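K.L.:
When you get a sec, could you give me coordinates for this:
(one chain, ligands or ions: 1)
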Amino acid sequence: MRGKNEELCKRCKRPSCLHPKLCPNMNNDHTPLLDLYSKIREVKGIKRAFIGSGIRYDLFDSSPYFETVVKHHTSGRLKVAPEHTEDRVLNLMRKPSFTMFEELNRKFQHICRREELKYQLIPYFISSHPGCREEDMQALARKVLGKLHFTLEQVQDLTPTPMTISSVIFYTCENPYTVESVYVARTQEDKRRQKSYFFGGTLPTDSRQAQQSKRDNVTNKRDERSDRSKRTLNRKRY
Ligand code: SF4
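P.N.:
You can find the predicted model right below:
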């Protein structure tokens, strides 16, 4: 996909063709893609061709693209990446509002019910992205856990990767476009606390320390038992 008028693109200074809104010069016509899928379905010897992930639902046009993917090109689990639920974080990611994902989810469930397909939509979320505070993770957990009809299993803590705006903000704690300061969760403790919201919340530090010391005690006792049995064995040998 590309700009309709490429001369305009050459002079363009927008950092994204999709965010905050799809550029009117963007040619998001899905017809060639649908034609290709249709040709693939005709190829003899190929039973099914699956699309597992990578769908950009903020790029959809009015064609039946999504319906075609669900009906003909889903193996049972379709992964999509809303990444977060909070606009403050999504804006820094240059991702669309979570309501767009909720709409996609509704459509997915509707198609599955109508076609009697037992498929799952697997959303992908990320914690500790620059700009994401603990209260944003609390809000995410409130909106997602036990609320929507999907399995939450694709979750990840941010790993800064080269050549991304997220990494620039991660290292500088600054939005390079607005020069505004951005909060970044950096310590292991902050990152662990954020990630724990995917699994129902976080434990107070005291409880975590108590649990760790319980684990350490178990390990120490096991080591002591092992040492004792080694000493007994050595005595028997001599
Ligand atoms: S934002 Fe629009 S004009 Fe700019 S490069 Fe993308 S499609 Fe072209």
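K.L.:
Next to the ligand in this structure, residues from the protein, please.
P.N.:
Residues of the chain lying near the ligand by C-beta under 6 Å from any ligand atom: 3, 8-9, 12, 14, 17, 23, 25-26. From N, CA and C alone the C-beta is placed, and that goes for glycine too.
K.L.:
What subset of the residues you listed is buried?
P.N.:
3, 17, 23, 25-26 (16 or more other C-beta atoms under 10 Å).
K.L.:
Narrow the residues you listed to those in strands?
P.N.:
3, 26 (DSSP state E).
K.L.:
Just put the buried ones among the residues of the chain next to the ligand in JSON lines and tack on distance to Arg56.
P.N.:
Formatted as JSON lines, those follow (distance: C-beta to C-beta, whole Å):
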{"residue": "Gly3", "distance to Arg56": "16"}
{"residue": "Cys17", "distance to Arg56": "11"}
{"residue": "Cys23", "distance to Arg56": "14"}
{"residue": "Asn25", "distance to Arg56": "17"}
{"residue": "Met26", "distance to Arg56": "11"}
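K.L.:
follow-up on the earlier one: closest to Glu174 out of the residues of the chain next to the ligand?
P.N.:
Set against Glu174, the nearest of the residues of the chain next to the ligand by C-beta to C-beta is Arg14 (20.3 Å).
K.L.:
Go ahead and confirm the closest one touches Cys23.
P.N.:
Yes: between Arg14 and Cys23 there is a contact under C-beta atoms under 8 Å: 6.5 Å.
K.L.:
Does Ile126 fall in a helix, a strand, or a coil region?
P.N.:
Three-state assignment for Ile126 (DSSP: H, G, I helix; E, B strand; the rest coil): strand.
K.L.:
Which pLDDT value goes with it?
P.N.:
pLDDT, Ile126: 94.
K.L.:
neighbouring contacts of stretch 168-175?
P.N.:
92, 130-131, 158, 160, 176, 180-184 (C-beta atoms under 8 Å, 6 or more residues apart in numbering).
K.L.:
And this protein, what are its domain boundaries?
P.N.:
2-202, 208-238 (automatic domain parsing).
K.L.:
what's the most buried one of the ones you listed?
P.N.:
domain 2-202 (a mean of 15; mean count of other C-beta atoms under 10 Å).
K.L.:
and that domain, how far from the chain's centre?
P.N.:
What separates the centre of domain 2-202 from the centre of its chain is 7 Å, taken as C-alpha atoms, centre = their mean, to the nearest Å.
K.L.:
measure stretch 67-80 end to end?
P.N.:
15 Å (C-alpha to C-alpha, to the nearest Å).
K.L.:
Repeat that for stretch 44-64.
P.N.:
This stretch, stretch 44-64, spans 24 Å end to end (C-alpha to C-alpha).
K.L.:
And the domains of the chain, which one averages the lowest pLDDT?
P.N.:
domain 208-238 (a mean of 51).
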